[in-house]
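Asks: Give me coordinates for this.
(one chain, ligands or ions: 1)
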Amino acid sequence: MKKELLNLKDKIVVVSKNRSINEIREIYDQGFRMFGENRVQELLSKVDYTPSDIQWHLIGHLQRNKVSKIIKLCSLIHSVDSFRLLEKINRESKKQNTITNILLQVNIALEDTKYGFNKNEVLDTIKKASVFNNILIKGIMVIGPNISDEKMILDVFYQGYDLYNKCKEIKQHNVCIDTYSAGMSNDYKLALKANSTLLRLGSIMFEKDNV
Ligand SMILES: *Cc1c(COP(=O)(O)O)cnc(C)c1O
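Replies: Sure thing, here's the model as predicted:
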């Protein structure tokens, strides 16, 4: 793994989808503690076979009928993409006597292929969510557009950062904005430039070029 990535340990969610327990263990042994999965079943299948101090993040689309299974296992859900899902997470969290940390996924580039809120819905959604006592809204998650133009990608990440700062101005009992999740293997340098606080890195973490 590149040395640069070791230095970013506190910001990296290691995306371990399609990776084995042994591969996860190798990265864990280098000091990484945040791991992310995009499917509930896969996350569930790994939790019992990996070190218990791993903080698991859910980064992929979450179906409402799977919420009850994972809220207690996840330290952060990045991919809350509808108000109905938010409502469901709140209700299940109340049942299970917990408070669930979440990010709102925002579809800034308005790509049809992506889940998420439109940029202009986010502030109102947070305010409407003030009735939910069993969630804590920590910030937003953005997926960079699947294009090669770096200036346009950077622009999307900066738009996300602006929105993140606007969210920070909301004073509400269940809001504590400190997380801007943006950046994957291909575009994490651009995301860092735009002040991302969490990178979701998969392929680049498992490349075998040693430090
Ligand atoms: C797979 C995935 C990643 C990691 O992608 P890489 O290109 O392998 O770094 C990040 N975020 C989400 C939502 C993903 O599904």
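
Asks: List the contacts of Ala191.
Replies: 144, 157, 182-183, 199 (CB atoms under 8 Å, 6 or more residues apart in numbering). All C-beta atoms are positioned from the backbone trio N, CA, C, and that covers glycine.

Asks: how near is the spatially closest residue to it that is not a sequence neighbour to the ligand?
Replies: For Ala191, the nearest residue in space outside its immediate sequence neighbours is Gly183; the separation is 2.8 Å by CB to CB, 6 or more residues apart in numbering. Gly183 sits 8 Å away from the ligand when distances are taken as CB to the nearest ligand atom, to the nearest Å.

Asks: cool, and Gly116?
Replies: For Gly116, the distance to the ligand equals 11 Å [CB to the nearest ligand atom].

Asks: so what's the backbone phi/psi at the nearest residue to that residue once chain neighbours are set aside?
Replies: Across the structure, with CB to CB, 6+ apart as the measure, the residue nearest Gly116 apart from its sequence neighbours is Asn107 (3.5 Å). Its backbone dihedrals place Asn107 at phi -100, psi 90, with angles given as degrees, to the nearest 10.

Asks: can you give me the helices for the chain?
Replies: 3-6, 21-28, 40-47, 67-70, 83-95, 122-128, 150-168, 188-193 (DSSP state H).

Asks: So which bits of the third one are buried?
Replies: Neighbour counts over helix 40-47 (16 or more other CB atoms under 10 Å) mark 40, 43, 46 as buried.

Asks: contacting residues for the spatially closest residue to Asp187 that is not a sequence neighbour?
Replies: By the measure of CB to CB, 6+ apart, the closest residue to Asp187 outside its immediate chain neighbours is Gly144, 4.4 Å from it. Contact partners of Gly144, counting by CB under 8 Å, 6+ apart, are 109, 153, 156-157, 182-184, 186-187, 190-191.
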